[in-house]
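>>> output the structure for:
(one chain, ligands or ions: 1)
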Amino acid sequence: MIPPIANNFVAGETADDALSHVESLNRDGICGILNLLGEHYSARQGADEDAAAYVSLVEQLAASGLDGCISVKPSQIGLDVGDDVFRENLDRIVGAAAEDDVFVWVDMEDYTTTDVTLDAVDDLGHQTDGNVGVCVQANLKRTPDDLERLADVPGKVRLVKGAYNEPASVAYKKKAKVDEVYKELLEYMFTEFDNGIAVGSHDPSMLSHAHDLHGQYGTPYEVQMLMGVREDAQRDLVADDVEMWQYVPYGDKWFQYFYRRVRERKENALFALRAVTGI
Ligand code: FAD
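Predicted coordinates:
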């Protein structure tokens, strides 16, 4: 069982736990993006096992009738083992999901994986007529070109600021610059995309920019935020008729993910400390 505090950020250890969290989100008008925690397998077995777990999750999600989709990390399904292993497993997951009409997101990892990830999504987006989406990162200098490519690929695109500590040769390092680029890229997406835009951010300033662009251009969009982060804001967005998706991690590899959430924000650490000490 996931201990208190961590269970604010992780839905549980099993697919059933995650699905019951999505059920409660759906009651509040929020859709769920299910992510089985795991990354960087260096041997094929772990990657194949997680790919199989995603296939069975897709079947459970489809049978449940819940509003949800899945999100997969390339290194979780074999990218560190080989590009071919990643493609084989992704094809397997996307094939099963297309049959069951479940949407598949592909998370983006560090800059060395961008090309192989986009190539796979480009192929599969065309093959499934847009049942696949991909994340792109505003901190990477290449992203304007990648978005131009993705404008012609069926499927949605999630814009995030970027979670990896990339070298200055390929990425903007200053937060203010990343924020400025994020807004420019959003504007490009709202004017050039008709396949679906996901604003993957908790930042009120990015969300209000997206709201304004929607008002100006009328392009539909959705907002995506993590479980346990600004959940009041998630509900407020639903009340404002914004399509809201919550990224819902689950699985037995929850500790590392929880530790990352606590480290990235002082408020989360204080929240954890208060719950443990009762003050
Ligand atoms: P920040 O720039 O971190 O913060 C800006 C402001 O947002 C803060 O001042 C505060 O007002 C608000 N805020 C931010 N966090 C919190 C918080 N914890 N509590 C309260 N307020 C907060 N990165 C990748 O590299 N690849 C991926 O595939 C990927 N997928 C993602 C999927 C989703 C659904 C989300 C939400 C993020 C994903 N990320 C991914 C992470 C992303 O790149 C950022 O690292 C992360 O979202 C932090 O940036 P931010 O825009 O949310 O806000």
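>>> for this structure, what lies in contact range of the ligand?
Contact residues (C-beta under 6 Å from any ligand atom) of the chain with the ligand: 107-108, 135, 137, 160-164, 200-204, 206, 224-226, 229-230, 247, 265, 267-268. C-beta: built from backbone N, CA, C; applies to glycine.
>>> need the pLDDT of P4.
Note for P4: predicted pLDDT of 82.
>>> wait, L270
pLDDT for L270: 59.
>>> also V199?
V199 is given a pLDDT of 98.
>>> so which strand or helix has it?
Assigned by DSSP states H and E, V199 falls within strand 197-200.
>>> L57 now?
Taking DSSP H and E as the definition, L57 sits inside helix 44-64.
>>> who touches that helix?
Helix 44-64 is contacted from outside by 15-16, 18-19, 22-23, 34, 36, 38, 41, 68-70, 72, 76-78, 81, 85-86, 89-90, 92-93, 96-97, 100-102, using C-beta atoms under 8 Å, 6 or more residues apart in numbering.
>>> buried stuff in that helix?
By neighbour count with 16 or more other C-beta atoms under 10 Å, helix 44-64 contains the buried residues 46-48, 50-51, 53-55, 57-62.
>>> equivalent analysis for stretch 163-179, please.
Going by neighbour count (16+ other C-beta under 10 Å), the buried part of stretch 163-179 is 166, 171-172, 178-179.
>>> returning to what we had before: could I get the buried residues of helix 44-64 as a markdown table with pLDDT and distance to A6?
Putting these into a markdown table (pLDDT from 0 to 100; distance: C-beta to C-beta, whole Å) gives the following:
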| residue | pLDDT | distance to A6 |
| --- | --- | --- |
| G46 | 96 | 22 |
| A47 | 97 | 25 |
| D48 | 98 | 27 |
| D50 | 97 | 20 |
| A51 | 98 | 26 |
| A53 | 98 | 20 |
| Y54 | 98 | 22 |
| V55 | 98 | 27 |
| L57 | 98 | 21 |
| V58 | 98 | 26 |
| E59 | 98 | 27 |
| Q60 | 98 | 23 |
| L61 | 98 | 23 |
| A62 | 98 | 29 |
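>>> what is the residue lying closest to A198 once chain neighbours are set aside paired to in the beta sheet?
Leaving out its chain neighbours, the residue that sits closest to A198 by C-beta to C-beta, 6 or more residues apart in numbering is R158, at 3.9 Å. Counting by DSSP bridges, R158 is bridged to C135, A198.
>>> low-confidence ranges in the chain?
Residue ranges of the chain with pLDDT under 70: 266-279.
>>> at 50 what do you get?
In the predicted model of the chain, residues 276-279 satisfy pLDDT under 50.
>>> could you point out the longest strand of it?
For the chain, the strand that runs over the most residues, judged by DSSP state E, is strand 243-250.
>>> ramachandran angles for G82?
Reported as degrees, to the nearest 10, the phi and psi values for G82 are phi 170, psi 150.
>>> count the residues that sit near it.
12 (other C-beta atoms under 10 Å).
>>> ok so, going back, mind listing what the longest strand of the chain pairs with, with the direction of each?
Strand 243-250 is paired, per DSSP bridges, with strand 31-36 (parallel), strand 221-226 (parallel).
>>> which residues are contacting the strand holding V199?
For strand 197-200, contacts defined as C-beta under 8 Å, 6+ apart pick out 133, 135, 156-160, 186, 189-190, 206-207, 210, 219-225, 245.
>>> tell me which stretches of the stretch 151-279 of the chain form helices.
Ranges of helices within the stretch 151-279 of the chain are 175-192, 204-217, 231-239, 254-264, 266-277, based on DSSP state H, counting those that start in this stretch.
>>> how close does the spatially closest residue to Q256 that is not a sequence neighbour get to the ligand?
Setting aside the residues directly before and after it, Q256 is nearest to L37 in space (C-beta to C-beta, 6+ apart), at 7.8 Å. As judged by C-beta to the nearest ligand atom, to the nearest Å, L37 and the ligand stand 13 Å apart.
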